[in-house]
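**Q** next come a sequence and a model predicted from it.
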Amino acid sequence: MSRSSPAGEGMRSKASATVEPAAPLAALVRDVHLALRAAFDEALRPRGSTLRQVGVLAALKQSPGQSNAELARRFQMTPQSMIELLASLESAGLMVREPHPAGGRTLQARLTPAGSAHLRSCRAAMSETEATLLAGLTAADQGQLRQLLERWLSALDRG
């Protein structure tokens, strides 16, 4: 004969059901970052790009002529990994590398017209994905989220 009764089981489950503490904010932000990155990579896959490649194209559009070393530092990559990424973009005709006017071995990267068009296409796909991901939030919630994140980022930059 069992010693536990249905009532005892109910009491045990209530007693063992503890409220989990809220995840640290940094862990939540990390989880959101990972989910966003996965969603953007999925949206970019049909275009043959990754989020990191689009980031490099955007950096070159904003500031043409960056070197491999500058881009590697900006994207927290090893120079060797950035060389591979740039080579893939160059072979796709999305950017070119040219010798620095001052000479030396430094190559400056810049977008091609095809790279600019590809970047526009990727940004459109990312905007659609972001809209889908934010659809569960009201416009007011989205505005508040943006304000809070901008304030937090500003505080971190001053930190």
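**A** Ah, there it is.

**Q** next SSE downstream of the least confident helix or strand in the chain by mean pLDDT?
**A** The helix or strand of the chain with the lowest confidence, counting by mean pLDDT, DSSP states H and E, is helix 6-16 at a mean of 45. Using DSSP states H and E, the helix or strand that directly follows helix 6-16 along the chain is helix 25-44.

**Q** so which bits of that next one are buried?
**A** 39-41, 43-44 (16 or more other C-beta atoms under 10 Å). Where C-beta positions appear, they are placed from N, C-alpha and C, glycine not excepted.

**Q** just send these back as a markdown table, with distance to residue 69 and pLDDT too.
**A** Listed next are the buried residues of helix 25-44 as a markdown table, based on distance: C-beta to C-beta, whole Å; pLDDT from 0 to 100:
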| residue | distance to residue 69 | pLDDT |
| --- | --- | --- |
| 39 | 31 | 96 |
| 40 | 26 | 97 |
| 41 | 25 | 95 |
| 43 | 30 | 97 |
| 44 | 25 | 97 |
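
**Q** measure residue 23 to residue 141 for me?
**A** 20 Å (C-beta to C-beta, to the nearest Å).

**Q** likewise residue 129?
**A** In terms of C-beta to C-beta, residue 129 sits 18 Å off from residue 141.

**Q** more crowded one of these two?
**A** Ranked by neighbour count (other C-beta atoms under 10 Å), residue 129 and residue 141 place residue 129 first, with 17 against 11.

**Q** look up phi and psi at residue 110.
**A** phi -150, psi 150 (degrees, to the nearest 10).

**Q** middle-most residue in this protein, spatially?
**A** residue 37 (4.4 Å; C-alpha atoms, centre = their mean).
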